[in-house]
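S.K.: I would like to see how this sequence folds:
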Amino acid sequence: MKSSIIEIKPVVSKADRKAFVKVLWKIYQGEPNWIPPLIMERMDAIDEKKNPYFQHAEVKMWIAYKEDEPVGRISAQIDELVEKYHGVKTGHYGFFDCVDDQSVANALFDTAARWLKEKGMVEMIGPFSLSINEETGMLIEGFDTPPMLMMGHARPYFEKLVTNYGLKKVKDTWAYTLDITKKVLSPVMQKLVDRAIDRGQVKFRPINMDKYEEELKIILDIFNDAWVDNWKYIPFTQAELDHAVKELKMIIREDFTYIAEVDGVPQAMMVTLPNINEIIKDFNGKLFPFGIFKLLWRLKIRPSFKTVRVPLMGVRTEYQNSRLSGIMSLGLFEACRLTATKIGCEEAELSWVLEENTRLSKLLLEVGCVKYKTYRLFQKDL
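M.R.: Okay, here's the model as predicted:
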């Protein structure tokens, strides 16, 4: 006879990690806008031997079972860099996915909160899966479209489960969509950009794939500098920089990734990536034996994707309050848009943007972007 008792089991082995990933297939069964992730990639992301995040963080993961069936999952993590940079003993939770059952959700949150409290944490914030530089926030608006590359999805009832447990909103992040088949710069904007180029004030160039590692490290260095004042910012470590450079190599395109230089020095950048979720939606999480060939064909040989995502964009802090900041941003927008549309792309997502980042939000609206998804972060004192 099956038990109706909720069991919370820790993730310990490789088989457990696979089960942790596979919980999603039950939670999102029948959900048309859910994209099954690549199982292998997700398992690597939560493997302490393969993800350099674990070098500065302690992570625990659990799966909830009811009647011997997996019905939910959660992680809890303590990142030593959080206290180093922000001076607060903040623990994080992540990977929260659950059936519509408050008792299961409560059991998962109780387990994560208890572990964090035992470790001396005074508050719990999330979801971060695993860090603020990976999947951040829980979708609360925008369920009618599938998630883009490296963005999460959720069931609408998740918010109820979270708030009923006592977690409260601490921050919203937004995703914007843009029709890139239309010119995004007004004549006035284009004139400003052209004038700056003609006068030699700024130069826009695609990355050089022959110097790939050097170029990507420049981009991530600009990111670390540009985002330093953002809420809960944590910089990439050197190991994470090296890992990101390696992981992005397969999908990054030199004609989609631009750097803006001032006097020959890189001062701003924009990374536009093919929306892998569009490419793998029919893989059902499996890359082998044939998925890898489909991926390469659709991505490299005969690109068939229509959507792209801009996950990284930034201007160094020394230029953020200058006139050149807007010019560099606008020029990067247009350069990336032109090259993406040349291979048939039609839509771009720019995400995520903090709700208080009014400067960037205003710029995005001025070029025609529409806010279409909201991802919320929650907090609870322990």
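S.K.: Could I get the full set of strands for the stretch 1-150 of the chain?
M.R.: Here the stretch 1-150 of the chain has its strands, by DSSP state E, counting those that start in this stretch, at 6-10, 57-66, 69-79, 90-98, 123-126, 128-129, 135-136, 138-141.
S.K.: Just name the most buried of those strands.
M.R.: strand 90-98 (a mean of 25; mean count of other CB atoms under 10 Å). For every residue, glycine as well, the C-beta is placed using N, CA and C.
S.K.: Report the rounded mean pLDDT for it.
M.R.: Predicted confidence along strand 90-98 averages 98 (mean pLDDT).
S.K.: now stretch 179-194
M.R.: 93.
S.K.: and if you look at stretch 304-317?
M.R.: In this model, stretch 304-317 carries a mean pLDDT of 94.
S.K.: Same question for stretch 57-65.
M.R.: Rounded to a whole number, the mean pLDDT of stretch 57-65 is 98.
S.K.: on that earlier part again, out of the strands of the stretch 1-150 of the chain, nearest to Leu167?
M.R.: strand 123-126 (7.7 Å; CB to CB).
S.K.: From the contact counts, what lies against that closest one?
M.R.: Contacting strand 123-126 under the criterion 3 or more CB pairs under 8 Å, 6 or more residues apart in numbering; DSSP states H and E are the following elements: strand 90-98, helix 102-118, strand 370-381.
S.K.: Just say which of those is most tucked in.
M.R.: Taking mean count of other CB under 10 Å as the contact definition, the stretch among the helices and strands packed on strand 123-126 with the greatest mean neighbour count is strand 90-98, which reaches a mean of 25.
S.K.: Run the angle between it and strand 69-79 for me.
M.R.: Direction vectors for strand 90-98 and strand 69-79, defined by axes from the mean of the first three to the mean of the last three CA atoms, to 10 degrees, enclose an angle of 160 degrees.
S.K.: and the angle for strand 90-98 with helix 102-118?
M.R.: 160 degrees.
S.K.: need the longest helix for this structure.
M.R.: The single longest helix within the chain, with elements called by DSSP state H, is helix 323-342.
S.K.: If we go by neighbour counts, what in that helix is buried?
M.R.: Applying a neighbour-count criterion of 16 or more other CB atoms under 10 Å, the buried positions in helix 323-342 are 324-337, 339-341.
S.K.: Just list the residues touching the residue nearest to Phe109 when sequence neighbours are not counted, thanks.
M.R.: Leaving aside its sequence neighbours, Phe109 sits nearest to Tyr165 (CB to CB, 6 or more residues apart in numbering; 4.8 Å). Going by CB atoms under 8 Å, 6 or more residues apart in numbering, Tyr165 touches Gln102, Ala105, Asn106, Phe109, Lys380.
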